[in-house]
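Chemist: Provide a 3D model corresponding to the input given below.
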Amino acid sequence: MMIRIRSRDGLERVTIDDPNATVARLKSEIESQLRVPTHAQILSTNQNLLLAKTPNDLTRFTDMSDPNTRLSSLNVAHGSIIYLAYEGERTVAGPTFHPAGSFGKKMTMDDLIAKQMRVTRQENPHCELVSFDRDAANAFQHYVNESLVFAVKRCGFMYGTVSEEGKVEVDFIYEPPQQGTEENLILLRDPDEEKMVEAIALGLGMRRVGFIFTQTISQDKNDYTMSNVEILQAVELQAEGDLKEWVTAIVKLNVNEDGGADVHFEAFQMSDMCIRLFKEGWFEREVEEKVDPKLSRMKKDVVVGGKDTRDVDNDFFLVVVKISDHQGPLTSTFPIENRSPPVVMRALKTHLDRAKSLPFVKRISDFHLLLLLARFLDVNADVPALAACVQAQATVPEGYQLLIESLASAS
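Modeler: Residues are numbered from 1 along each chain as shown. Have a look, this model is predicted:
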């Protein structure tokens, strides 16, 4: 089985061929495959492990402290996410590289492959245009501008539709659990919540189409479009999304001619070569701080501009996508998930009361409201069915309506 390991280094994968494997076996495979010593590992199924700041904080996570515990007893199965914290530096095994040339030096297979890896700019995106629902885009940028004041990073997954011509329409933005700082953005993804999001999208006739994130004020002083850390995170998510029209959007503050600040949206795709290099493991994941953030480091030489190099300007990996906007079928007035303060149930009553004059289906036509309701419904049947009513703007079955109203009045 394949188990996903989330650590400060990002999301990685470990393969175990024993369905009855124990915690000790998992730790052994992490040491073997990811080069993290067994004695340094602290594992947990609780994502809050990655937020622990002191050794004392780490001692609270004991669910995987017994090495003899079977993974199956912890509901860990194929595709599960385990969180890993560790002290110290990590050694990642890299490929052996030999100097190549035509005068007396032998060419290895790695050398030949490297010579074929020519990184050039990709002029045309697979996505003809990305259009943002005005309410969804405004709800996201308003929060990062007014509440976070662009001091820490924030992100979301974009959902919508893709036309045959390659036009992407973004109709809602889901903001997963996350920890943002001035320089870094750690996703603390919740598989159960993401199942609900996917069920809602299914009923709405939509799918995940991209990733949106903010750059902080401090980054405005740097001379890059995206940093090497941002490139790595974006290409990992685009590869996971497996959609050729996948879009990565950046929201940032730009200083205008009058000295004021304007919120600015930009959209890109990671180039086909960028995706290939990532999937084949060419990116150096542990980048030293002294490396210029506008450069992505490779594990082996690639050819850029006729020269062999391991440092590639990030702009070579970015393909610009045109931006537009539209008014989509959903509102974005309900409180948004995984923000501070958290969404409370009485928000449901407030929202429904505010829209009393509208048909019931119109009152619940908000993704963030549907996500709250999904916690009380069957994710495989009821959630897509209710979302389908919203998509068709059809009458909501009485049973659903009674349940929603009772949840609102009970809060």
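Chemist: For the stretch 201-350 of the chain, which segments count as strands?
Modeler: 207-214, 247-255, 261-270, 295-304, 307-313, 318-320, 323-326 (DSSP state E, counting those that start in this stretch).
Chemist: For residue 21, find the nearest of the ones you listed.
Modeler: With Cβ to Cβ as the criterion, residue 21 lies closest to strand 295-304 of the strands of the stretch 201-350 of the chain, at 29.4 Å. Glycine gets a C-beta too; all of them are placed from N, C-alpha and C.
Chemist: Output the strands of the stretch 201-350 of the chain as CSV; include the columns mean pLDDT.
Modeler: Shown next, in CSV, are the strands of the stretch 201-350 of the chain (pLDDT from 0 to 100):
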stretch, mean pLDDT
strand 207-214, 98
strand 247-255, 92
strand 261-270, 94
strand 295-304, 93
strand 307-313, 93
strand 318-320, 96
strand 323-326, 97
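Chemist: Please identify the most buried of these.
Modeler: Most buried of the strands of the stretch 201-350 of the chain by mean neighbour count (mean count of other Cβ atoms under 10 Å) is strand 207-214; its value is a mean of 23.
Chemist: What pairs with it, parallel or antiparallel?
Modeler: strand 155-162 (antiparallel), strand 247-255 (parallel) (DSSP bridges).
Chemist: Would you format those as CSV with distance to residue 342 included?
Modeler: Shown next, in CSV, are these (distance: least, Cβ to Cβ, whole Å):
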stretch, distance to residue 342
strand 155-162, 16
strand 247-255, 23
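Chemist: Report the separation between the spatially closest residue to residue 295 that is not a sequence neighbour and residue 287.
Modeler: In space, and not counting its chain neighbours, residue 295 is closest to residue 311: 4.3 Å by Cβ to Cβ, 6 or more residues apart in numbering. The gap separating residue 311 from residue 287 is 10 Å, by Cβ to Cβ, to the nearest Å.
Chemist: Repeat that for residue 353.
Modeler: Counting by Cβ to Cβ, the gap from residue 353 to residue 287 is 51 Å.
Chemist: Which of the two has more residues huddled nearby?
Modeler: When residue 353 and residue 287 are compared for neighbours, residue 287 comes out ahead with 17 against 10, by other Cβ atoms under 10 Å.
Chemist: pLDDT at that one, what is it?
Modeler: In this model, residue 287 is scored at 75, pLDDT.
Chemist: How about the contacts made by it?
Modeler: 228, 229, 297 (Cβ atoms under 8 Å, 6 or more residues apart in numbering).
Chemist: how about the second one, what does it touch?
Modeler: The one in question is residue 229. Residues counted as contacts of residue 229 (Cβ under 8 Å, 6+ apart) are 183, 184, 287, 293.
Chemist: any idea which of these has the most stuff around it?
Modeler: Busiest of those [other Cβ under 10 Å] is residue 293, holding 19 neighbours.
Chemist: Residue 170 in helix, strand or coil?
Modeler: Following DSSP: H, G, I helix; E, B strand; the rest coil, we place residue 170 in the strand state.
Chemist: quick one: low-confidence ranges for the stretch 301-411 of the chain?
Modeler: 411 (pLDDT under 70).
Chemist: can you give me the helices in it?
Modeler: When assigned using DSSP state H, counting those that start in this stretch, the helices of the stretch 301-411 of the chain occupy the ranges 346-354, 360-363, 367-374, 382-392, 398-410.
Chemist: Residue 220 contacts residue 254, doesn't it?
Modeler: Yes - if you go by Cβ atoms under 8 Å, residue 220 and residue 254 touch, sitting 7.5 Å apart.
Chemist: Chain neighbours aside, what residue packs nearest to the most centrally placed residue in the chain?
Modeler: Closest residue to the average C-alpha location of the chain: residue 237 at 5.6 Å, with Cα atoms, centre = their mean. The shortest distance from residue 237 to any non-neighbouring residue, by Cβ to Cβ, 6+ apart, is to residue 211 (4.8 Å).
Chemist: For that neighbour, give its distance to residue 371.
Modeler: 18 Å.
Chemist: Could I get the phi/psi values of the nearest residue to residue 61 once chain neighbours are set aside?
Modeler: Excluding the flanking residues, the one nearest residue 61 by Cβ to Cβ, 6+ apart is residue 44, at 4.0 Å. Note on residue 44: its backbone torsions stand at phi -160, psi 150 [degrees, to the nearest 10].
Chemist: ok, how many other residues are close to residue 44?
Modeler: What residue 44 shows, counting by other Cβ under 10 Å, is a neighbour count of 21.
Chemist: List the contacts of it.
Modeler: 61, 63, 64, 82, 83, 85.
Chemist: Could you point out which of those is nearest to residue 171?
Modeler: Nearest to residue 171 among these: residue 83, at 31.4 Å, using Cβ to Cβ.
Chemist: Would you confirm that the closest one contacts residue 41?
Modeler: No - at 10.8 Å, residue 83 and residue 41 do not qualify as touching, with contact defined as Cβ under 8 Å.
Chemist: how many neighbours does the residue nearest to residue 207 when sequence neighbours are not counted have?
Modeler: Excluding the flanking residues, the one nearest residue 207 by Cβ to Cβ, 6+ apart is residue 201, at 5.8 Å. Number of residues near residue 201 (other Cβ under 10 Å) recorded here: 24.
Chemist: and the closest residue to residue 118 other than its chain neighbours, bridged to which residues?
Modeler: Leaving aside its chain neighbours, residue 118 sits nearest to residue 303 (4.5 Å; criterion: Cβ to Cβ, 6+ apart). According to DSSP bridges, the residues that bridge with residue 303 are residue 118, residue 308.
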